[in-house]
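Chemist: Here is the input, now give the coordinates:
(one chain, ligands or ions: 2)
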Amino acid sequence: MSAKSISTNQPSSERKKLVWWPALAILIAIASGLAWFKFKPNTPSTNKLAMDAFEPTVENKKPAPGPAPSGMVWIPGGEFSMGCADPTADLCGGTETMFDARPIHRVYVDGFWMDDHEVTNAEYAAFVDATGYITIAEQTPKAEDFPGAPPENLVAGAVIFTPTPEPVPLNNHFQWWRYEHGANWRHPDGPKSSIEVRENFPAVHIAYEDALAYCQWAGKRLPTEAEWEFAARGGKSGNMYTWGSEFKPDGKHQANTFQGVFPVTDAAEDGFAGIAPIKQFPANPYGLYDVTGNVWEWCSDWYRYDYFETLAKSGKVARNPQGPETPFDPVEPSERKRIHRGGSFLCVDQYCSRYIVGSRGKGEHSTGTNHVGFRCVK
Ligand SMILES: [Ca+2]
Ligand SMILES: [Cu+2]
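Modeler: Ligands and ions are numbered 1, 2, ... in the order given. Modelled structure (predicted):
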C-alpha cells in the first residue's frame, strides 16, 4: 500500500520539513507505508453498508436569535449523520477509501452564525491594519525550532503549489510543493505577487493561529469540525457533495476544483485555473458559498484519524463534539495537526477527492499554504 492511500494533496507540515528535504520526504514515504499497515481501517467494507448508515438530518426549529450579522447566515443546528461512505466505487469518488471519515455516526450541534464566505484578503487586511498582526509566514523561522537546518534556509516564507513539467507518480507531494521565500498572505504566489488585484480572493498562507487571531479580533471563532459539516450539508443527509450526489449536475461545475492531469496542467474546466474570487458558484441551501473547493478551511478540532470511531463507540449521539484532546496522524506521528475541511482548487479525483462533503483534511497547525484559508462562526 502506498503513502498515497492515506495522505492528501496538502503539504501538511512543510514549513517544518522543507528545510531538510529530500531526506525527510523519503523517511515520510517509508513511515507512511508502515503506518498504513498498523492503522489499517476496520470499518465497513462495502459502500452500500456505509450509505445505509445515513439517517435524516433533524434541524432545530428555533429561529435565528436576531438579525444576521453582516456577511453571516444562521445555521440552525440539530442532529445529523456525519462522515462519508467509501467513495472509491462512485464516479468521481477518487482513489482513497477515506477510512478516517468512518464510521458514519450521529452528532448534534447547537445553532450558530457562520460567515457565508471564506475570509477575503480585504477582510484580513482590515484586521492587520487595525492590529499590526504579523502572520507566521512573515516571521523568520527560529533556529531552535529547526535544529540542524542550514542558516540560509531560515528565511520567512510559505509553501506554494507548483505544477510539475511532466506527469509524475502521485506518491510524494514534495514534487509539487515548494518553500518560497517571501511568500505570505500579502504575496500569495511569492514576493513579486500582490493582493492588490485580489481583494475578493480568500486570504491564504494563513496558519491556524493566524486564523484564530482574526476570529478573535472579529468577535468570532473557528467552527468545530462537526459544526462545519452540519453547515456544509445544508440540512440534507448522505449527499456526496454539498449540492447533491452528482459531481456535475447538468454538466455544470459547482465548485472550484482541479481538472486535467494532476499536478501538471489545470484544465480550468470550472472556469478557474488555481484560486478563484469568492462566490463564483451557487451557495448551498444555508447560503454558504465555496464550502466545497477553492481553499481548505481551518476547523478548531485537533486531527485524530480514529476520532469518529471513538465517538461512535460511545453508542450515543455526540453532542457538540470539540475534537480529541490531542492530535494524532499515523502518517506523521510527530506533527500536531488541526482539521481542514472542504477541499481546494487542487482537489481532483485522480489524487485527492476531498471535495466530498463528509471527507476530512488535516494540516500541521503552524503551516499555511496557498490553498488553505478559513471562515468564522459565532
Ligand atoms: Ca479550477
Ligand atoms: Cu484535495
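
Chemist: what about the nearest residue to Trp243 once chain neighbours are set aside, distance to Ser193?
Modeler: Counting by Cβ to Cβ, 6 or more residues apart in numbering, the nearest residue to Trp243 once its immediate chain neighbours are dropped is Gln254, at 4.7 Å. Where you see a C-beta, it was placed from the backbone N, CA and C, and this is true even at glycine. Between Gln254 and Ser193 the distance is 28 Å, computed by Cβ to Cβ, to the nearest Å.

Chemist: These two: which has the busier surroundings?
Modeler: Between Gln254 and Ser193, counted using other Cβ atoms under 10 Å, Gln254 has the larger neighbour count: 20 against 17.

Chemist: which SSE is the more buried one in?
Modeler: Counting by DSSP states H and E, there is no helix or strand that carries Gln254.

Chemist: Local confidence estimate at Met51?
Modeler: Looking at Met51, its pLDDT is 68.

Chemist: Low-confidence regions, the chain specifically.
Modeler: Applying pLDDT under 70 to the chain picks out residues 1-51.

Chemist: again, only this time at 90
Modeler: 1-53, 89-96, 141-153, 171-174, 350-351, 368 (pLDDT under 90).

Chemist: Just the strands from it, written as ranges.
Modeler: With DSSP state E as the criterion, the chain has strands at 58-59, 72-75, 78-82, 105-109, 112-115, 157-161, 177-181, 260-261, 265-266, 296-302, 318-319, 337-341, 361-364, 372-373.

Chemist: got the contact list for the last one?
Modeler: Applying Cβ atoms under 8 Å, 6 or more residues apart in numbering, the contact partners of strand 372-373 are 10, 118-119, 202-206, 211, 294-298, 340, 344, 363.

Chemist: same check, this time on the fourth one
Modeler: Under the contact criterion Cβ under 8 Å, 6+ apart, strand 105-109 has outside partners 53, 55, 77-83, 224, 226-227, 229-230, 308, 311-312, 317-321.

Chemist: Run a quick neighbour tally on Pro63.
Modeler: 9.

Chemist: do you know how far it is from ligand 1?
Modeler: Distance from Pro63 to ligand 1, counting by Cβ to the ion, to the nearest Å: 37 Å.

Chemist: same thing with Pro169?
Modeler: Distance from Pro169 to ligand 1, counting by Cβ to the ion: 23 Å.

Chemist: Likewise for Asp145?
Modeler: In terms of Cβ to the ion, Asp145 sits 35 Å off from ligand 1.

Chemist: burial measure for that residue, as a count.
Modeler: Asp145 has 12 neighbours, counted by other Cβ under 10 Å.

Chemist: The one 5 residues further on now?
Modeler: The tally of other residues near Pro150 (other Cβ under 10 Å) stands at 9.

Chemist: what does Pro56 give?
Modeler: By other Cβ under 10 Å, the residues close to Pro56 number 12.

Chemist: same thing with Gly260?
Modeler: 15.

Chemist: contacting residues around Pro76?
Modeler: Glu59, Asn60, Lys61, Lys62, Ala64, Gly111, Gly235.
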